[in-house]
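Visitor: Okay, predicted coordinates and the sequence, questions at the end:
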Amino acid sequence: MVQKSRDSSARGGFRPVLLKSPGGDVCYQVCIGAAALICGYTGRTFRQATQKAPRSDWQPAGASAGEQEREKEYISRVRSYIHDVVCNQHEQQPVTSLGNQSGKETVLNKESWVVKLQKCNEWFADPARGSAMHPLVCSVKMFKKLWNEEAGLKEKKASEASKCDTCANLAAAMNEVAGVNTAEGKQRRSDVRAGMDLHERNHLGERTEMDRACLRSLAHPRSIWTIMADAATQRNFELPRIFNKTSKQFRELPHFGLKLMATYSPGFGFLPFLVHDSMKSGANLLWTVVWYTIQAMRAHYGFLADELHLQLDNTTAENKNTIMLAIAGWLVGTGLFRRVRVFFLMVGHTHIIIDQIFGVITKYVKRSELFTVPDLENVINWVPSAAR
């Protein structure tokens, strides 16, 4: 059974096995592993049978060189799909040191390998692309290998603060109809895919508008300045830093906290501000940082731009409030700028270059042994008595 099912061009290296019911009136098509289990063979016996059978480089009887070339073409098409579709047609982010030539990486939400392979097959199965090879034959193992070869493709689990509800709902809807090959299931997948494409165009369109403002500020600083303002995660800068597991007694003691507020302006650079945790966060702190940045840029360029483009996160505590509108109106009313533009990317898609800079700083702080207490036995004595 193993030898007859062996096929290097099939998914997993084996063709499905056809089993008949005891009455012979019903036939089932199952994979080789399920067939061995149904027939009553133990896992050890099945492994011995697969080991004795010819390897993946063995060609079944009648296999021609054309089939081998077709298998190579399958692999080439999957590799081009991962590079040209998954990477280039999705949101890309700049990376300071990625190790590849592009200097960019594509960050996607984590999905199972079966779902990713299914999306690949659906992309090639679209009649609009005129593909002549259906179905696309590629095992999950091979697809995983080709996916991991793409250096600029990273998968991360979305954090609670930056999760996009639209992406989550569309992904859940796609998982519900995964593997459903009825007419209703196919139509549902088509509708969900159309919703994903529309959402992709919407948030990439907003990112394109931000990129245009950054390009204008580089080429024509007299016409526009672009200022990105944000804060790094505060817990990454708490002192002292403990590498080992902390005790309950130590966790209850106060830490010396610092908040890293910063701005990044294309053509001007990165301007950091260290703020103690006793300083309240909010619109006043944000505009203090932005105002210092404006003054520094004025001293650098010797003039003020006609337009100010502010790129901020979607938080009502600091950015989306009346203070923001009041100070933006004051900047225009006093004649400092002809126009102040406050721009927000869609929730869950706000990761920009200033966040990449924060990531580099955080990695350096985590690796640094400065202000670190590695010995937990003396940690309580290290904390000042007033803090205790």
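Guide: Happy to help now that I have it.

Visitor: who's residue 307 bridged to?
Guide: residue 224, residue 339 (DSSP bridges).

Visitor: actually residue 273, not the one I wrote
Guide: Applying DSSP bridges to residue 273, the residues it is bridged with are residue 261.

Visitor: That one and residue 286 touch, don't they?
Guide: No - when contacts are counted by Cβ atoms under 8 Å, residue 273 is not listed as touching residue 286 (10.5 Å). The way it works is simple: take the backbone N, C-alpha and C, and place the C-beta from them, glycine included.

Visitor: between the two, which one's more packed in?
Guide: It is residue 286, of residue 273 and residue 286, that has more neighbours when counted by other Cβ atoms under 10 Å, with 26 against 16.

Visitor: Skipping adjacent residues, who's closest to that one in space?
Guide: Nearest residue to residue 286 in three dimensions, chain neighbours excluded: residue 318, at 4.8 Å (Cβ to Cβ, 6 or more residues apart in numbering).

Visitor: Run a quick neighbour tally on residue 363.
Guide: When neighbours are counted by other Cβ under 10 Å, residue 363 comes out with 11.

Visitor: In a helix, it, correct?
Guide: Yes - Residue 363: assigned to a helix according to DSSP: H, G, I helix; E, B strand; the rest coil.

Visitor: List the contacts of it.
Guide: By Cβ atoms under 8 Å, 6 or more residues apart in numbering, residue 363 lies in contact with nothing.

Visitor: For it, report the pLDDT, please.
Guide: Per-residue pLDDT puts residue 363 at 76.

Visitor: again, but for residue 202
Guide: pLDDT recorded at residue 202 is 91.

Visitor: contacting residues for it?
Guide: Per Cβ under 8 Å, 6+ apart, neighbours of residue 202: residue 346.

Visitor: where along this structure do the helices fall?
Guide: Assigned by DSSP state H, the helices in the chain fall at 2-5, 32-38, 43-52, 65-81, 113-125, 140-148, 165-176, 183-219, 248-251, 283-301, 322-333, 353-367, 379-382.

Visitor: how much distance is there from the first one to the middle of the chain?
Guide: In other words, helix 2-5. Mean C-alpha position of helix 2-5 versus that of the full chain (Cα atoms, centre = their mean, to the nearest Å) differs by 41 Å.

Visitor: on that earlier part again, let's have the helices of the chain in CSV, adding distance to residue 260.
Guide: Formatted as CSV, the helices of the chain follow (distance: least, Cβ to Cβ, whole Å):
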stretch, distance to residue 260
helix 2-5, 59
helix 32-38, 53
helix 43-52, 54
helix 65-81, 40
helix 113-125, 36
helix 140-148, 33
helix 165-176, 28
helix 183-219, 22
helix 248-251, 22
helix 283-301, 11
helix 322-333, 21
helix 353-367, 7
helix 379-382, 24
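
Visitor: Out of those, which gets nearest to residue 344?
Guide: Evaluated over those, closeness to residue 344 peaks at helix 183-219, with 8.4 Å, by Cβ to Cβ.

Visitor: Direction-wise, compare the closest one with helix 165-176 and give the angle.
Guide: If you take axes from the mean of the first three to the mean of the last three Cα atoms, to 10 degrees, helix 183-219 sits at 150 degrees to helix 165-176.

Visitor: Mind listing what's buried along helix 183-219?
Guide: Using 16 or more other Cβ atoms under 10 Å as the test for burial, helix 183-219 gives 188-189, 192-193, 196, 199-200, 203-204, 206-207, 210, 213-214, 216-217.

Visitor: okay, and the common contacts of residue 273 and residue 286?
Guide: Contacts common to residue 273 and residue 286, judged by Cβ under 8 Å, 6+ apart, are residue 261.

Visitor: now the stretch 101-250 of the chain, which segments are flagged as low pLDDT?
Guide: Within the stretch 101-250 of the chain, the segments meeting pLDDT under 70 span 101-105, 107, 126-138, 156-162, 239-250.

Visitor: Contacts only, for the residue nearest to residue 174 when sequence neighbours are not counted.
Guide: Counting by Cβ to Cβ, 6+ apart, residue 192 is the residue found nearest to residue 174 once chain neighbours are left out, at 5.0 Å. With Cβ under 8 Å, 6+ apart as the criterion, the residues that contact residue 192 are 170, 173, 174, 177.

Visitor: can you do 6 Å?
Guide: The contact partners of residue 192, by Cβ atoms under 6 Å, 6 or more residues apart in numbering, come to 170, 173, 174.

Visitor: ok, now residue 337?
Guide: Shown in contact with residue 337 (Cβ under 6 Å, 6+ apart): 308, 331.

Visitor: what's the burial count for residue 112?
Guide: Counted with other Cβ under 10 Å, residues neighbouring residue 112 total 11.

Visitor: Repeat that for residue 78.
Guide: 22.

Visitor: Quick check: pLDDT value at it.
Guide: With respect to pLDDT, residue 78 scores 82.

Visitor: ok, it to residue 227 distance?
Guide: In this view, residue 78 and residue 227 are 43 Å apart by Cβ to Cβ, to the nearest Å.

Visitor: Phi first, then psi, for residue 21.
Guide: Per-residue torsions, residue 21: phi -70, psi 160 (degrees, to the nearest 10).

Visitor: What distance do you get for it to residue 28?
Guide: If you go by Cβ to Cβ, the gap between residue 21 and residue 28 works out to 7 Å.

Visitor: Name the residue in the two with the higher neighbour count.
Guide: Using other Cβ under 10 Å, the more surrounded residue of residue 21 and residue 28 is residue 28, with 13 against 9.

Visitor: so what's the more buried one closest to, chain neighbours aside?
Guide: Nearest non-adjacent residue to residue 28, counting by Cβ to Cβ, 6+ apart: residue 19, 4.7 Å away.

Visitor: since we're on the one you found, how many residues are nearby?
Guide: Residues lying near residue 19 (other Cβ under 10 Å) number 14.

Visitor: doesn't residue 31 make contact with it?
Guide: No - when contacts are counted by Cβ atoms under 6 Å, residue 19 is not listed as touching residue 31 (10.9 Å).

Visitor: May I have the predicted confidence score for the residue nearest to residue 286?
Guide: For residue 318, the model assigns a pLDDT of 86.
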